[in-house]
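1. Okay, predicted coordinates and the sequence, questions at the end:
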There are 2 protein chains.
Amino acid sequence: MRNFRLCLCYDGGRYRGWQKQGNTGGTIQEKIEALLSRLLAQPVEVAASGRTDAGVHARRQTCSFRADTDLSCGELLALIRRHLPEDIGALSLSEADSRFHARLSCREKSYVYFIWNSPAPNVFYRKYSYAWPDALDTAAMEQAAALLLGRHDFRSFCSVTKMKKSTVRELRDISITRQGPMLRIRFTGNGFLYNMVRILVGTLLEVGSGQRSPGDMSRILEARDRQAAGFTAPAQGLFLWEQKY
Amino acid sequence: MRNFRLCLCYDGGRYRGWQKQGNTGGTIQEKIEALLSRLLAQPVEVAASGRTDAGVHARRQTCSFRADTDLSCGELLALIRRHLPEDIGALSLSEADSRFHARLSCREKSYVYFIWNSPAPNVFYRKYSYAWPDALDTAAMEQAAALLLGRHDFRSFCSVTKMKKSTVRELRDISITRQGPMLRIRFTGNGFLYNMVRILVGTLLEVGSGQRSPGDMSRILEARDRQAAGFTAPAQGLFLWEQKY
């Protein structure tokens, strides 16, 4: 059995997220596993660096799978590209060390959230950003973000209220940059809880619009209660951005 | 009657172009005229800097219309924004000199065509560019483009074969730039024939891929025959970009 590393990008708009859920269909994992199983005439299971929620995009999602084939990586990549739907792209395919696993070997991941911050709409980014027409105090947002950095129990920023596993994660960096009307918030860490980035963004937007003060962040972390944090920003602005191995 | 100048952007993907054609529906002009007529409770006719074909986008389309209203521009702009569909955006609205007409007063227009030139697909630009996976000789394309500049009879680059009006236009600039895998061709001129930019792009792509030599361009111009030029590049890569008044 050879072990492969496959990098994908996808527009999550019409999918129910990465991870298969029974036989309900509509997930990206099912699409990829069905395609590889058919092309390689054997059952193929695909691991990814992490899940993405329904509607969330991936600029880069690293995957791994084992298969028995004589095809070269170039041949298999061309085959995959020919059969993928237009909203999933195969960026690269290479052979990996037999111990490589897209989720277990991942050391760091980053997500980027895009906010179109202008009263004038941008129709071309409407499916890839969240439109926020009112002014945002990015200095206050940066102050708030600084309080989130480091190792914390992020239970307040998790949608699963009865999470039994550890909700401690390390947020290594949050960078807020603006290019014209487009605000971009990048989160880098060793792992993220369910809906964590979207709740962080919603809470930062409440700070940026003056509904909360930056100092609230420490209180929210301490509360360990989803009710203490802000709203969940919509999925379409969120991109799984990069992974480090 | 006050005279207004309205700048729009639109994703042309689901429209049959700018210009209304009888009562068939599905054009952007009809959408805008119906909306303004309803909001202002009077029949409103809207002129635009020029037509865009079915599927062609507008980063900026300057429009003008006359109407009798007491609303301020800010109030009317907010109303328009509230009622436009998500693939049409109102960028600005101002009051114009009574002689201003979006088409007749336009001195110069530019179009940009985007080509995603890589074997690795980009799913996020799939509706806003034309994917060309094979290598392109951009130096040859630039040589070819240089032969098109100036005042010429562009009949060979027009889809309407029995055009009775003049097919002479002045192409003032063609710039070909690359940012990573994205190739961007910008055309600036005093006016463009039906499908002209898309046929120019198709012909330049045939030069870039070695199917034609750059020198062919002079022969094609002289032929005054649509058959002499290359294919019509697909609508989704084309953006009406800017207008000068």
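-> Sure thing, it's come through.
2. how distant is stretch A:78-85 from the center of its chain?
-> Mean C-alpha position of stretch A:78-85 versus that of the full chain (C-alpha atoms, centre = their mean, to the nearest Å) differs by 23 Å.
3. do stretch A:142-149 as well
-> 20 Å.
4. Now do the same for the residue with the largest distance to the centre of chain A: helix, strand or coil?
-> Centroid-distance maximum for chain A: A:Asp70 at 33.1 Å, with C-alpha atoms, centre = their mean. Following DSSP: H, G, I helix; E, B strand; the rest coil, the label given to A:Asp70 is coil.
5. measure it to chain B for me?
-> According to C-beta to the nearest C-beta, to the nearest Å, A:Asp70 and chain B sit 22 Å apart. To be clear about C-beta, it is placed using only N, CA and C from the backbone, and glycine gets the same treatment.
6. what does chain A put close to chain B?
-> Residues of chain A found near chain B (C-beta under 8 Å from any C-beta of the partner chain) are A:9-11, A:57, A:59, A:81, A:86-92, A:119-124, A:126, A:128.
7. helix, strand or coil for A:Leu79?
-> A:Leu79 ends up helix, using three-state DSSP.
8. number of nearby residues for the residue lying closest to it once chain neighbours are set aside?
-> Leaving aside its sequence neighbours, A:Leu79 sits nearest to A:Leu39 (C-beta to C-beta, 6 or more residues apart in numbering or on different chains; 5.4 Å). A:Leu39 has 17 neighbouring residues, counting by other C-beta atoms under 10 Å in any protein chain shown.
9. How much space separates the nearest residue to A:Ala235 once chain neighbours are set aside from chain B?
-> Nearest residue to A:Ala235 in three dimensions, chain neighbours excluded: A:Gly55, at 3.2 Å (C-beta to C-beta, 6+ apart). When distance is defined by C-beta to the nearest C-beta, A:Gly55 is 14 Å away from chain B.
10. I figured A:Gly55 hits A:Gln236, correct?
-> Yes - if you go by C-beta atoms under 8 Å, A:Gly55 and A:Gln236 touch, sitting 5.7 Å apart.
11. shared neighbours, these two?
-> A:Gly13 (C-beta atoms under 8 Å, 6 or more residues apart in numbering or on different chains).
12. So which residues of chain A form helices?
-> Counting by DSSP state H, chain A has helices at residues A:28-40, A:73-83, A:138-146, A:196-208, A:216-223.
13. any chance of the ones you listed in a markdown table, plus mean pLDDT?
-> Listed next are these as a markdown table, based on pLDDT from 0 to 100:
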| stretch | mean pLDDT |
| --- | --- |
| helix A:28-40 | 97 |
| helix A:73-83 | 97 |
| helix A:138-146 | 98 |
| helix A:196-208 | 98 |
| helix A:216-223 | 96 |
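14. So which of the ones you listed is the most surrounded?
-> helix A:196-208 (a mean of 25; mean count of other C-beta atoms under 10 Å in any protein chain shown).
15. so where's chain A shaky on pLDDT?
-> Within chain A, the ranges that satisfy pLDDT under 70 run A:161, A:163.
16. What ranges does it have for its strands?
-> A:2-10, A:46-48, A:57-67, A:88-95, A:108-116, A:130-131, A:150-153, A:168-179, A:182-189, A:238-244 (DSSP state E).
17. CSV for those strands, including mean neighbour count?
-> Listed next are the strands of chain A as CSV, based on neighbours: other C-beta atoms under 10 Å in any protein chain shown:
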stretch, mean neighbour count
strand A:2-10, 21
strand A:46-48, 22
strand A:57-67, 22
strand A:88-95, 18
strand A:108-116, 21
strand A:130-131, 21
strand A:150-153, 14
strand A:168-179, 15
strand A:182-189, 20
strand A:238-244, 21
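18. Please list all residues in contact with A:Thr62.
-> Contacts of A:Thr62 by C-beta under 8 Å, 6+ apart are A:Arg5, A:Leu6, A:Cys7, A:Ala48, A:Ser49, A:Ala102, A:Cys106, A:Gln243, A:Tyr245.
19. correct me, but the last one touches A:Arg107?
-> Pointing back at A:Tyr245 there. Yes - A:Tyr245 lies in contact with A:Arg107 (C-beta under 8 Å); the separation is 6.1 Å.
20. Between these two, tell me which one has more neighbours.
-> A:Tyr245 (13 against 8).
21. Provide a list of residues in contact with that one.
-> Here A:Tyr245 is in contact with A:Thr62, A:Phe100, A:Ser105, A:Cys106, A:Arg107 (C-beta under 8 Å, 6+ apart).
22. The nearest residue to A:Asp173 once chain neighbours are set aside: what's it in contact with?
-> Nearest non-adjacent residue to A:Asp173, counting by C-beta to C-beta, 6+ apart: A:Thr188, 4.2 Å away. Contacts for A:Thr188 (C-beta under 8 Å, 6+ apart) come out as A:Glu108, A:Lys109, A:Ser110, A:Leu171, A:Arg172, A:Asp173, A:Ile174.
23. Could you rerun that using 10 Å?
-> Taking C-beta atoms under 10 Å, 6 or more residues apart in numbering or on different chains, we find A:Thr188 in contact with A:108-112, A:149, A:170-175, A:241-242, A:244.
24. Adding distance to B:Ala135, write the helices of chain A out as JSON lines.
-> Listed next are those as JSON lines, based on distance: least, C-beta to C-beta, whole Å:
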{"stretch": "helix A:28-40", "distance to B:Ala135": "26"}
{"stretch": "helix A:73-83", "distance to B:Ala135": "16"}
{"stretch": "helix A:138-146", "distance to B:Ala135": "42"}
{"stretch": "helix A:196-208", "distance to B:Ala135": "38"}
{"stretch": "helix A:216-223", "distance to B:Ala135": "50"}
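25. List the contacts of the spatially closest residue to A:Leu8 that is not a sequence neighbour.
-> Closest residue in space to A:Leu8, ignoring its immediate chain neighbours: A:Gln61 at 4.7 Å, by C-beta to C-beta, 6+ apart. The neighbourhood of A:Gln61, defined by C-beta under 10 Å, 6+ apart, consists of A:6-10, A:12, A:18, A:28, A:32, A:48-52, A:88, A:91, A:102, A:109, A:239-241, A:243.
26. Recalculate using a threshold of 6 Å.
-> Contacts for A:Gln61 (C-beta atoms under 6 Å, 6 or more residues apart in numbering or on different chains) come out as A:Leu8, A:Ala48, A:Leu240.
27. Equivalent analysis for A:Phe154, please.
-> Contacts of A:Phe154 (C-beta under 6 Å, 6+ apart): A:Thr167, A:Arg169, A:Leu193, A:Met196.
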